[in-house]
Structure formats: structure tokens, C-alpha cells
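*Asks:* Got a sequence here, can you model it:
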Amino acid sequence: MTAAQEDLVRARDGFTDSADSPEFLEIDTPRVEDGAAIWRIARDSEVLDLNSSYSYLLWCRDFAATSVVARGPGGEPIAFVTGYVRPDRPEALVVWQVAVDREHRGRGLAGILLDALTAKVTGGRGVREIETTITPDNTASDALFTSYARRHDAPLRREVLFDGGLFPEGTHQPEVLYRIGPLAA
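*Replies:* Okay, here's the model as predicted:
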């Protein structure tokens, strides 16, 4: 077990042992029937670019192998991380969205899920790098991915991927590419 995987086990234990956490936490592969709940979590985050409900259903079908959900005691999704392997760079996992239901925020669940997804995809897929984009005003995501890089002892590089002027609405901030890796196997 790598140091990052040991961190995942400790992080999960810390989450499930806290007094205000669910009695257990299941990290799972999303299923199509999770699409509506994932869409609602994304909508209620109030910071993510909300995709159509249809796209979340497709995501749960077509990209389940590179995504994870956390399930509450009743089996309902309470958080998710969606991702995909870049076709032109199969060593890179792009993390598309990370969101935690409001009731479960502030306990490190996003980091636990990100670590779980990394453990899931680095095993047999050849993924050695994580990519995501973050707008400059999204301090929570910046903190999440910066701490992820530290936890995995991996370099973090940032550069503007899409300037705000490329977006049709004219008010979108630039999307800054965070590239983390190489990751330890």
C-alpha cells in the first residue's frame, strides 16, 4: 500500500469516526440511477457550472469507471467526483466536477473521494497525472487540489487553459489548468 493509499484509509476512518458523520461511508462507482441525485448536488453547490440532467445520466453510464460517489446510510449519493481519461493523453485523468451535499461539507469528504478516485484509476489504467480547471475565485477547489498535491507529494503546475473571453456569456472567469503529477504508483 502506498503512502497516499494509507492516507485514504486514515482519512476514511477519520470521517466515519467523527461524531457528526454518517454511521458509515460507502465509496462506490456511480450508477445511472444516481444521475438525478448527482445533478441536484451539483445544482445546489451554487459554484459548479451546472450541466443538463441528461449529461449526468450519461456520465454515470459512460464515465462510471473514472468517477466515484459517496453514499449516505440509506445508499443515496451525498458527494461525487466525476472524471475521464484524456483520449490524447491516457496518462492524465481529468477531474470534471467535485461536489459535496451541503449537509456533509466541511469534513474532508471531497479529499477522501479524490484520493479514492486516484487509487481506483492509477492501478491498472496507467494514469500518472491529475488535471482539473479552477476559476480564480474558487478558493475551496484551489485548497482541495493544492492539499491533494501535497498529500501525494506530487508537483502542481498551473496555467490558464481557457481565457474568460473564450466563453460566450462574456462574464466567465478564466479556467486555470491544474496539472498534478507524476503520481506515485
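
*Asks:* for this structure, what spans make up the helices?
*Replies:* Under the criterion DSSP state H, the chain contains helices at 3-17, 35-45, 53-62, 109-122, 139-151.

*Asks:* Single out the most deeply packed of those helices.
*Replies:* For the helices of the chain, the largest average neighbour count (mean count of other CB atoms under 10 Å) is found in helix 109-122, namely a mean of 23. In this view, the C-beta of every residue, glycine as well, is placed from N, C-alpha and C.

*Asks:* chain center to it: distance?
*Replies:* The chain centre lies 7 Å from the centre of helix 109-122; the measure is CA atoms, centre = their mean, to the nearest Å.

*Asks:* ok, now stretch 55-63?
*Replies:* Put simply, stretch 55-63 sits 15 Å off its chain's centre (CA atoms, centre = their mean).

*Asks:* same question, stretch 83-90
*Replies:* 15 Å.

*Asks:* Could you pull up the mean pLDDT of it?
*Replies:* Across stretch 83-90, the average pLDDT comes to 95.

*Asks:* Report the buried residues of it.
*Replies:* For stretch 83-90, the neighbour count (16 or more other CB atoms under 10 Å) marks 83-85 as buried.

*Asks:* residue contacts, Ile130?
*Replies:* By CB atoms under 8 Å, 6 or more residues apart in numbering, the residues touching Ile130 are 92-93, 95, 118, 145, 148, 178-181, 183.

*Asks:* Could you rerun that using 6 Å?
*Replies:* 93, 180 (CB atoms under 6 Å, 6 or more residues apart in numbering).

*Asks:* Need the pLDDT of it.
*Replies:* 97.

*Asks:* For it, give its distance to Asp44.
*Replies:* Noted for Ile130: a distance of 25 Å to Asp44, by CB to CB, to the nearest Å.

*Asks:* what sits against Pro136?
*Replies:* Contacts for Pro136 (CB under 6 Å, 6+ apart) come out as Gln173.

*Asks:* before we move on, the earlier item: and the buried residues of stretch 83-90, which of them are in strands?
*Replies:* Per DSSP state E, strands hold the following members of those: 83-85.
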